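Visitor: Let me see the structure of the following:
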Amino acid sequence: MKTADEIKRIAAQVAGKHEGYRYIGLRVQNGAHGLSVGDEILHESNVWDDGEMLDETVGGICAVSAKEAAQHTLRFGSYPGSVVIVIGANAAEYGDDDGEIILKWSSGEYPVVLDIIK
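Guide: Next up is the predicted model:
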């Protein structure tokens, strides 16, 4: 489990570290799921409604915006998981949750794993 304070600390560490991407996201999950630094992320996150996963996707991969997390105290308690995947992308939109960013595919570019923090 990663608290909002832990995510804020990690966001401050990675902010400005990864040049070449307009958006940096932090995705908290239970493992790296076979991902390595440099891998493109090809899967899309599912839409959730009131704690229930729906059979539709958001059109990208959900994460916490590193910029938002570094600059603001976000209003979520924690995210389940022990691994933080740092992801870079050049296209994104903001999601419904506080600090949420949806990293998108654009012009043949997929979001890329920049770091894995355990």
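
Visitor: neighbouring strands for the least confident helix or strand in the chain by mean pLDDT, and are they parallel or not?
Guide: Within the chain, confidence by mean pLDDT, DSSP states H and E is lowest for strand 78-79 among all helices and strands, at a mean of 82. Using DSSP bridges, strand 78-79 pairs in its sheet with strand 2-3 (antiparallel).

Visitor: now what about the strand it pairs with, what contacts it?
Guide: Here strand 2-3 makes contact (Cβ atoms under 8 Å, 6 or more residues apart in numbering) with 10, 28, 77, 78, 79, 81, 82, 84. Placement of C-beta: from N, CA and C, glycine included.

Visitor: And stretch 35-43, by the same measure?
Guide: Applying Cβ under 8 Å, 6+ apart, the contact partners of stretch 35-43 are 61, 85, 87, 103, 110, 111, 112, 113, 114, 115, 116.

Visitor: Check the average confidence over it, would you?
Guide: Computed over stretch 35-43, the mean pLDDT rounds to 95.

Visitor: The residue nearest the centre of the chain and residue 99, how far apart?
Guide: When the chain is reduced to its mean C-alpha position, the nearest residue by Cα atoms, centre = their mean turns out to be residue 63, at 2.3 Å. Noted for residue 63: a distance of 9 Å to residue 99, by Cβ to Cβ, to the nearest Å.

Visitor: so where do the strands sit in the chain?
Guide: In the chain, the strands defined using DSSP state E lie at 2-3, 23-29, 46-49, 52-57, 61-65, 78-79, 83-89, 92-94, 100-103, 112-117.

Visitor: per-residue confidence for residue 16?
Guide: Per-residue confidence (pLDDT) for residue 16: 77.

Visitor: That concludes my questions; thank you for your assistance.
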